[in-house]
Structure formats: structure tokens, C-alpha cells
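Student: sequence plus the predicted model coming up.
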Amino acid sequence: MDDSSGVLKRAAASAALPTWRNLLGRMHLSVATGDFATALALVDRVGAIAEEQGHHPEIDLRWGRVHIATGSHDVGGVTERDIRLGKAIDAVVQEMSLTSQPGRLTEVEIAIDAMDRDAIRPFWAAVLDRPDNGGDELVDPDRVGPAVWFQQMDSPRPQRNRIHLDVTVSHDEAPGRLARALAAGGRLVSDVRAPAFWVLADAEGNEACICTWQSRD
């Protein structure tokens, strides 16, 4: 179920928190609150739980909606700490008679195809003012903007664009998102790696991948 670092497999984490969704190594919950005051009250209660457990999620508060994400940054994934926190938050959401809406969850990454990732990564780190740890991605330390990651190519592909979007959604949202994109004029480029991801293109060949946690462990 776990690896040596205590990180849960994606399937195990998803099964442990059925109202949450696993997107990019964190568990996410989107709660409709109906008004700002209720959203603020939910955030206050989540904050109290976080202080009690000593494990703090990331929270986005908007009018009528709260988005909560939790992951264990010290090990780079979801652990039992996140499951314990998520279950406590679930109890509050249920007590407040609020509704989770997993279909509202979306995480976007910008992927740049590169022949030499090390040659171009410093430029993007400077432009975006993000820390460069020498890996294959640049992450916004505040997690406000999308991550930018660099996909290593074996040979140039001049027939296609070099930047595409990776759009990560709830696993149960993906089929509907795919159908709507195709109905809107999109084209299925590849489903070889589905349900991990589907590669789509617009009418001019610009690509985007619809991604889920599935088939990645």
C-alpha cells in the first residue's frame, strides 16, 4: 500500500478519501457553501483541525466555494497524515450539510518539449522567478500559477508545437471532459496511455492532455 517513504499509492489514497480527488500528488476537495460567510466558517473550522493535528492544508476561499488541498511536502505525496486530516474535514463538511463537487477540480501544468532540458530550464526559471532545483519541473512555491515541466524529446518534431497544456481532473470527470472537448472541435491524437492521459488537439494542432491519477502506480 505504501512505499518506503510512507507515501500512499494513488489508488489507496483515493479509496481512503472517497469524497476527495487525487490530482498531481495531493488530495483535493471542492466544497460548495452557498455564500461567503459559510465558506469562511468552514475555513475557520478546517484551520482549527489543522492546528490540532499539526498538519496544514492549502485553502482557496472564494464566494460560495472552498477548495482544500493536502499533501505531505516532506515526502512529496499523500500519507496517512493527509488521510487523517481529510477524514476530519469530511466530518465537518457533513455536519455543516455542505456538498463536495469533485467535477469542479482542475489542475493545469504547462509542458515544454525539449531536446536539452538543462539548457532551457534556467531561462524559464528566471522568467517565472521560480526556484530551479535541477529537476524536470518548475513549481510555483505559492502554488498559485501552474507548474511548468520539461518533456525530454529523442528527436526534433518540427511538425508539432513544442508547448502543450496538461489538464489534470478527477478520474470520474475525465470522460465527460474528453467528450466535451471532442464535441467542441477537438481531435483525439492518442489514447494509448488512457486513463492516465488522453492527448487531444484543437483544429490547428495545438495540443492538450486530459490527465488523471489512474494507471500511474
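Tutor: On my side now, so go ahead. Computed from a predicted structure; not experimentally measured.
Student: report all helices and strands that the helix or strand where residue 61 lies contacts.
Tutor: Using DSSP states H and E, residue 61 sits within strand 58-62. If contacts are counted by 3 or more Cβ pairs under 8 Å, 6 or more residues apart in numbering; DSSP states H and E, strand 58-62 sits against helix 36-53, strand 65-70. Using the backbone N, CA and C atoms, a C-beta is placed for each residue, glycine as well.
Student: how about a cut-off of 10 Å?
Tutor: Applying 3 or more Cβ pairs under 10 Å, 6 or more residues apart in numbering; DSSP states H and E, one finds that strand 58-62 contacts strand 26-32, helix 36-53, strand 65-70.
Student: give the buried residues for it.
Tutor: residue 59 (16 or more other Cβ atoms under 10 Å).
Student: ok, now stretch 39-55?
Tutor: 39, 41-43, 45-46, 49-50, 55.
Student: likewise stretch 170-180?
Tutor: In stretch 170-180, counting by 16+ other Cβ under 10 Å, buried: 170-171, 173-174, 177-178.
Student: does anything pack onto the longest strand seen in the chain? Which helices or strands?
Tutor: The residue-count maximum for a strand in the chain (DSSP state E) belongs to strand 106-114. Contacts defined by 3+ Cβ pairs under 10 Å, 6+ apart place strand 106-114 against strand 21-23, strand 26-32, helix 117-128, strand 137-138, strand 147-152, strand 163-169, strand 207-211.
Student: repeat the analysis, applying 6 Å as the threshold.
Tutor: strand 147-152, strand 163-169 (3 or more Cβ pairs under 6 Å, 6 or more residues apart in numbering; DSSP states H and E).
Student: just to revisit the earlier point, nearest to residue 156, out of the helices and strands packed on strand 58-62?
Tutor: If you check each of those against residue 156 by Cβ to Cβ, strand 26-32 wins as the nearest, at 34.5 Å.
Student: tell me the mean pLDDT for the closest one?
Tutor: Mean pLDDT, computed over strand 26-32, is 98.
Student: mind listing what's buried in that strand?
Tutor: Here strand 26-32 shows 26-31 as buried, counting by 16+ other Cβ under 10 Å.
Student: how far off centre is that strand?
Tutor: For strand 26-32, the separation from the chain centroid amounts to 10 Å (computed by Cα atoms, centre = their mean, to the nearest Å).
Student: do the same with stretch 152-167
Tutor: The chain centroid and the centroid of stretch 152-167 are separated by 21 Å under Cα atoms, centre = their mean.
Student: also stretch 205-216?
Tutor: With Cα atoms, centre = their mean, you get 12 Å for stretch 205-216.
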